[in-house]
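In: Okay, structure incoming, though there's no sequence with it:
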């Protein structure tokens, strides 16, 4: 990608919010989209100023789901926060668990057994597949295709959630990972069942692609809409499929190689046109890469314990210090920042939510577009309000 | 990847007068940080972004360090009057005493920087306010890295740090009428979580007064003696 290799031209104010002037002395129409708008994925509001159908200004309003998760985390033990991380991005609880466990392991230097690392990769990639599938489904739903693609996606998601339930006891609120491994081991029969589901997934992506990619309405509505320039995407801290759809080769699985990701062969799809269609397509292609990773992990998974026998669960008190740990969650970079003062509770417990920070440039992508496209651009960001508001 | 010492040297060479202090991190993560002074922070940030390719600001957060009372043993030398062999004399004597000292608190911001171009990081920056009460302003780094926009608003909301130069500094998560900063360590939860002043407050107050028989109903002036 040229932007990351050569020096970027930076005229004054290049990263300031975009400004569009209304035509003539038009009277602006103020619309509050949300908090109960069906396309807002929860309770979220956009205050939009319209000149006819054109968006002049758009201000997101947050906080309807705010429960001060970080304050709660300071008031309880390190392990006590683990079940609460499930509730952040409730579509992908396992990657939230993983990010938190990774940050604490960074803080204490805790080792993780091989088998647990493989289980984490398998579960993390299955989470990514079901997240991308349902996010594509929601995007198409918002475009007006009532139900069909979403139900196709949910059919597949349900199979994956059944696997999660069989392993952890819950479909969504899994509370599965621990500092130094995983809570329970996977049985042979669970691995066989996973194998079976994963073998069926390429057929599903094939089907989705046949159904959607060349669809005329999808192309007409998404191509050239909501363009995000790569240099602005980097500057605004956009991560995940959004960043890669803007053509920036940055995947934390490759960059940090956390866990055991450098053992797997997979490619990082990149966008060319930086629009909503690219974001849709990147998610489609990433599902295929994830299937490849799960395939390899299921082949190589070794035996052994899933929990480091030396890991301390009761009376867990890390030495004073701090650590920032991050993973490539399905929605972007999910990070946890912890400060320990040597006590049983973290002194500071901070979550870097990808959903919130990916919304920073929502206004830039929407101004000048039609109000009907706002719903699509917003859908292509792929957020979960549990994580935005925390 | 450059070490914090190398980055510190690069900053001091390029921005004269910039105060940079290395803050060591005792944990195994080895993420040491650089504390910037408030006056030169924006210049230093620009240098880091443009010259050292730290183009991606990942995480911005606040930390509250309240005033801390430290109890320590101090050796004090003072004259002591003693009676030795029936004669009163004054002798210099060293006594160990416990003294209390208040370490003034502050609010701190922490910035985690990465480089997308060079695929490395993190570089951790910190800044501190003068105190926790009236001098709580810090320079905003939003003009340098746009990703700080919402995160600095969140810190303003939850910690009460005022970012000078932020284009749109409003509360992010709490509602605009909210008074306190919930992430501060001395924050006391209100009795009524749901309280929110509304236009109907004075109506409700009048209704309550009426119920208690203090005053008549309605907005108009009551004639004397008609309550």
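Out: Perfect, thanks for sending it. Keep in mind that this is a model prediction, so the values were computed, not measured.

In: doesn't residue A:201 fall inside a strand?
Out: No: looking at residue A:201 with DSSP: H, G, I helix; E, B strand; the rest coil, it is helix, so not inside a strand.

In: Please tell me how far the residue lying closest to it once chain neighbours are set aside sits from residue A:150.
Out: With sequence-adjacent residues excluded and distances taken as Cβ to Cβ, 6 or more residues apart in numbering or on different chains, residue A:201 is closest to residue A:291, at 5.0 Å. Every C-beta, even on glycine, is put in place using the N, C-alpha and C of the backbone. For residue A:291, the distance to residue A:150 equals 20 Å [Cβ to Cβ, to the nearest Å].

In: Where does pLDDT dip in the chain?
Out: Because you didn't say which chain, this covers chain A. Across chain A, the ranges flagged by pLDDT under 70 are A:1-14, A:17.

In: try again with chain B
Out: Using pLDDT under 70, chain B drops low at B:191-197, B:213-227.

In: Kindly report the residues of it close to chain A.
Out: B:25-29, B:31, B:50, B:55-59, B:61, B:63, B:110, B:112, B:116-117, B:119, B:122, B:124, B:143, B:145-151, B:158, B:167, B:171-175, B:182-183 (Cβ under 8 Å from any Cβ of the partner chain).

In: hmm, 7 Å instead?
Out: Neighbours of chain A within chain B, by Cβ under 7 Å from any Cβ of the partner chain: B:25-29, B:31, B:55-59, B:61, B:63, B:112, B:116-117, B:119, B:122, B:145-147, B:149-150, B:167, B:172-175, B:182-183.

In: Buried only: go through these for me.
Out: In the residues of chain B next to chain A, burial by neighbour count holds for B:25, B:27-29, B:31, B:55-59, B:61, B:63, B:112, B:116-117, B:122, B:145-147, B:149-150, B:172-174, B:182-183, counting by 16 or more other Cβ atoms under 10 Å in any protein chain shown.

In: Filter the residues you listed down to just the ones in helices.
Out: B:149, B:150 (DSSP state H).

In: Now residue A:295. Nearest residue, chain neighbours left out?
Out: Counting by Cβ to Cβ, 6+ apart, residue A:198 is the residue found nearest to residue A:295 once chain neighbours are left out, at 6.4 Å.

In: hmm, back to that, how many neighbours does the residue nearest to residue A:201 have?
Out: Look at residue A:291: counted by other Cβ atoms under 10 Å in any protein chain shown, it has 21 neighbours.

In: Return the distance of it relative to chain B.
Out: Residue A:291 sits 25 Å away from chain B, going by Cβ to the nearest Cβ, to the nearest Å.

In: same for the host helix or strand of that residue, what does it pack against?
Out: Per DSSP states H and E, residue A:291 falls inside helix A:276-300. On a contact count with 3 or more Cβ pairs under 7 Å, 6 or more residues apart in numbering or on different chains; DSSP states H and E, helix A:276-300 meets helix A:114-143, helix A:188-212, helix A:216-222, helix A:241-245, helix A:371-381.

In: So for the shortest one, what gets flagged as buried?
Out: Residues of helix A:241-245 classed as buried under the neighbour-count rule (16+ other Cβ under 10 Å) are A:241, A:242, A:243, A:244, A:245.

In: now swap in the longest one and tell me
Out: Under the neighbour-count criterion of 16+ other Cβ under 10 Å, helix A:114-143 has A:115-143 buried.

In: Name all residues that make contact with the residue in the stretch 151-300 of chain A positioned nearest to chain B.
Out: Proximity to chain B, evaluated over the stretch 151-300 of chain A using Cβ to the nearest Cβ, is greatest for residue A:237 at 2.5 Å. Residues in contact with residue A:237 (Cβ atoms under 7 Å, 6 or more residues apart in numbering or on different chains) are A:357, A:360, B:56, B:57, B:58, B:147.

In: Dump these to a markdown table, plus distance to residue A:25.
Out: What follows is those, written out as a markdown table (distance: Cβ to Cβ, whole Å):
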| residue | distance to residue A:25 |
| --- | --- |
| A:357 | 37 |
| A:360 | 31 |
| B:56 | 42 |
| B:57 | 40 |
| B:58 | 43 |
| B:147 | 36 |
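
In: Show me what residue B:84 is bridged to.
Out: Beta-bridge partners of residue B:84, counted by DSSP bridges, are residue B:87.

In: now the one 10 residues further on
Out: With DSSP bridges applied, the residues forming beta bridges to residue B:94 are residue B:77.

In: Can you give me the neighbour number for it?
Out: The tally of other residues near residue B:94 (other Cβ under 10 Å) stands at 9.

In: Residue 97 sits in which helix or strand?
Out: Picked chain A for this. Secondary structure (DSSP H and E) places residue A:97 in helix A:93-108.

In: The intended chain is chain B.
Out: strand B:87-103.

In: wait, which of the contacts of residue A:237 is closest to residue A:384?
Out: The shortest gap between residue A:384 and any of these belongs to residue A:357, at 13.3 Å (Cβ to Cβ).

In: got a list of what the closest one touches?
Out: Residue A:357 touches A:237, B:147, B:150, counting by Cβ under 7 Å, 6+ apart.

In: so it sits in a helix?
Out: Yes: assessed with three-state DSSP, residue A:357 lies in a helix.

In: Look up how far residue B:190 lies from it.
Out: For residue A:357 relative to residue B:190 (Cβ to Cβ), the value is 30 Å.

In: swap in residue B:64?
Out: 19 Å.

In: cool, residue B:24 as well?
Out: Using Cβ to Cβ, we find residue B:24 at a distance of 39 Å from residue B:190.

In: do the same with residue A:179
Out: 35 Å.

In: Any idea what the residue positioned nearest the centre of chain B is bridged to?
Out: Nearest residue to the geometric centre of chain B (Cα atoms, centre = their mean): residue B:107, 1.9 Å. According to DSSP bridges, the residues that bridge with residue B:107 are residue B:64.

In: how about it, what does it touch?
Out: B:62, B:64, B:129, B:132, B:136, B:159, B:161 are the contacts of residue B:107 under Cβ under 7 Å, 6+ apart.

In: Show residues contacting the one helix or strand residue A:71 maps to.
Out: Per DSSP H and E, residue A:71 falls inside helix A:69-74. Surrounding helix A:69-74, the residues in contact under the criterion Cβ under 7 Å, 6+ apart are A:81, A:84, A:345, A:346, A:348, A:349, A:350, A:351, A:390, B:182, B:183.

In: For residue A:266, state which of the residues you listed is nearest.
Out: Using Cβ to Cβ, the contacts of helix A:69-74 come closest to residue A:266 at residue A:351, 26.6 Å.

In: sorry, back to before: tell me how far the helix holding residue A:71 is from the chain's mean position?
Out: Distance, stretch centre to chain centre, for helix A:69-74: 21 Å (Cα atoms, centre = their mean, to the nearest Å).

In: Kindly report the same for stretch A:333-345.
Out: Computed by Cα atoms, centre = their mean, the chain-centroid distance of stretch A:333-345 equals 21 Å.

In: swap in stretch A:69-89?
Out: Distance of stretch A:69-89 from the chain centroid (Cα atoms, centre = their mean) equals 19 Å.

In: Ok, stretch B:158-168 next?
Out: 11 Å.

In: Quick check: phi and psi at residue B:29.
Out: Main-chain torsions, residue B:29, degrees, to the nearest 10: phi -60, psi -30.

In: Surely it touches residue A:319?
Out: No: between residue B:29 and residue A:319 there is no contact, the gap being 10.7 Å when judged by Cβ atoms under 7 Å.

In: What strand or helix carries residue B:34?
Out: strand B:33-36.

In: what are the pairing partners of that strand, and which direction each?
Out: Strand B:33-36 is paired, per DSSP bridges, with strand B:20-23 (antiparallel), strand B:120-128 (parallel).

In: Show the contacting residues for the closest residue to residue A:61 other than its chain neighbours.
Out: Counting by Cβ to Cβ, 6+ apart, residue A:61 lies nearest to residue A:45, which is 4.1 Å off, once chain neighbours are set aside. The contact partners of residue A:45, taken as Cβ under 7 Å, 6+ apart, are A:32, A:33, A:34, A:35, A:61.
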